[in-house]
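Undergrad: output the structure for:
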Amino acid sequence: MRYTLIFWLLLFAISGVTAQSLPPCDQRPGWRFAPRVNAQLWCFEEVVTEKDAGEFAFTALAFAPDGRLFATRPLHGQVLLLRDTNGDLQPDSPQIIAENLTLPNALVYHAGALYIAGGSHIYRLPDAGTLEILVDDLPSGSGFWTGGLAIGDDERLYVGIGAPCDDCVWENRERGAILSFALDGSDRQVVAHGLRQPAGLAFYQSDLWVTDTARYDLADTPALDELNRVTPGAHFGFPHCIGYRNTPDIVSENFDCSQATAPVLALATHSTPLAIVEYQGMAFPFMEGKLIAILGGSFHRSDVRGYEIIAVDMRPEPIVIEPMVPFDAATTPGFTYTEISEPEKGYTNQYTSFLNRRGAGFWAHRLYSVAISPQGWLYFSVGGGRIVSLRSP
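TA: Numbering: from 1, shown residues only. Just a heads-up that it's a prediction; the model follows:
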């Protein structure tokens, strides 16, 4: 307890000095005017840009307590390390620290080691040691990449395994599921079923939460993307059921759609939630207790959905959603907060869509991941080889 207190006192002192050391937003080298943000709350900054690295340059992010930032580059089989090498309090100069991995696409740092999930593997990379393979037989191949990785207070690993297909019923109970392991890769368990793309996995208010997405052919159904609270043995309905009310879709004699677990929050179909994290930090006390969700963005649509960052507060009734980026008070008056009183209609934001279409947002590059620095600043990966941040103004 004594050492924990000392650690937090030191971190508080460092955070205070850091906040006071930052120049005004428009005097920082990485400051950008777009995407638009609430300038009273955030300073939007470009951290790293590697356009030649492609759309999937940085699909997952994770911080170590000492400020090291890790990122995955799945198509190259690499994990990268970024440190602050020039004293501007921003990580920079990505360096390869692990390669020849199988589609690394999820990260979590815990107790002196980086845990990595990709393809059929879960790896561990200790600070002082070499890469270890903890699991080498996760379900993989067809379907979605392995993604979503979290460690709970129970000292267990949780990993999201995507469905193998959109229009079939499969036998393998580990597909479209959340698996759990001891930290050494042993004691394999299936925690929940019935998921299509469990890309975002995180603990929020002590519970495990997971995101999910709708099939591409269901564009006109209003609210099929999801934020779900995970309970042991839960079945979230896929592929048998669709929609907030879990109406039958693929007929199955062995599944009752009325028994499927409904989402806590429905999102507009093809918003594509890809990452979530509970805000814990000193930089933005107004964010404490909120769940930050990354809406990667729609695909093959004439309109624009997602391509935004939102903060979700599950404590009120109804749930409150705050659009974070993009945001422009001049074009979105009175839209600082959104209350979802009719969950079956889902969350959608016409003002964010407008900003994206006007070039004041992230579109047409998707958002992929989020991580919180030791100072409490927010870092995001964006398609096209970018890592960006929201820091104190």
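Undergrad: where in the chain is pLDDT low?
TA: 1-20, 244-245, 252-253, 300, 332-344 (pLDDT under 70).
Undergrad: in it, which residue is closest to the centre?
TA: Geometric centre of the chain, nearest residue: residue 275, 1.4 Å, by CA atoms, centre = their mean.
Undergrad: so what's that residue closest to, chain neighbours aside?
TA: Spatial nearest neighbour of residue 275, excluding adjacent residues (CB to CB, 6 or more residues apart in numbering): residue 294 at 4.1 Å. Placement of C-beta: from N, CA and C, glycine included.
Undergrad: surely the one you found is within a helix?
TA: No - counting by DSSP: H, G, I helix; E, B strand; the rest coil, one finds residue 294 to be strand, located in no helix.
Undergrad: distance of it from residue 306?
TA: To residue 306, residue 294 is 9 Å away according to CB to CB, to the nearest Å.
Undergrad: comparing these two, which residue is more hemmed in?
TA: A count of neighbours by other CB atoms under 10 Å puts residue 306 above the other of residue 294 and residue 306, at 31 against 27.
Undergrad: tell me the contacts of that one?
TA: Contacts here follow CB atoms under 8 Å, 6 or more residues apart in numbering; on that basis residue 306 touches 268, 270, 271, 272, 273, 295, 296, 297, 298, 367.
Undergrad: tell me the SS of the residue nearest to the centre of the chain?
TA: Residue 275 ends up strand, using three-state DSSP.
Undergrad: could you measure from it over to residue 331?
TA: Residue 275 is 26 Å from residue 331, where distance means CB to CB.
Undergrad: and if you look at residue 269?
TA: According to CB to CB, residue 269 and residue 331 sit 24 Å apart.
Undergrad: and those two? Which one has more around it.
TA: The residue with more neighbours, out of residue 269 and residue 331, is residue 269; 25 against 14, by other CB under 10 Å.
Undergrad: and for the more buried one, nearest residue in space, chain neighbours not counted?
TA: Distances taken as CB to CB, 6+ apart put residue 224 closest to residue 269, at 4.3 Å, once the chain neighbours are dropped.
Undergrad: hmm, that neighbour is touching residue 214, no?
TA: Yes - with contacts counted by CB atoms under 8 Å, residue 224 reaches residue 214, the gap being 3.4 Å.
Undergrad: give the residues shared as contacts by the two.
TA: In contact with both residue 224 and residue 214: 242, 269, using CB under 8 Å, 6+ apart.
Undergrad: now residue 197: closest residue in space that isn't a chain neighbour?
TA: residue 213 (4.4 Å).
Undergrad: hmm, the one you found is touching residue 198, no?
TA: No - between residue 213 and residue 198 there is no contact under CB under 8 Å: 9.1 Å.
Undergrad: okay, those two: which has more neighbours?
TA: residue 198 (30 against 26).
Undergrad: how many neighbours does the nearest residue to residue 146 once chain neighbours are set aside have?
TA: Leaving aside its chain neighbours, residue 146 sits nearest to residue 117 (5.3 Å; criterion: CB to CB, 6+ apart). Counted with other CB under 10 Å, residues neighbouring residue 117 total 33.
Undergrad: helix, strand, or coil at residue 117?
TA: strand.
Undergrad: my guess is it contacts residue 105, does it?
TA: Yes - contact criterion CB under 8 Å: residue 117 and residue 105 qualify, at 6.7 Å.
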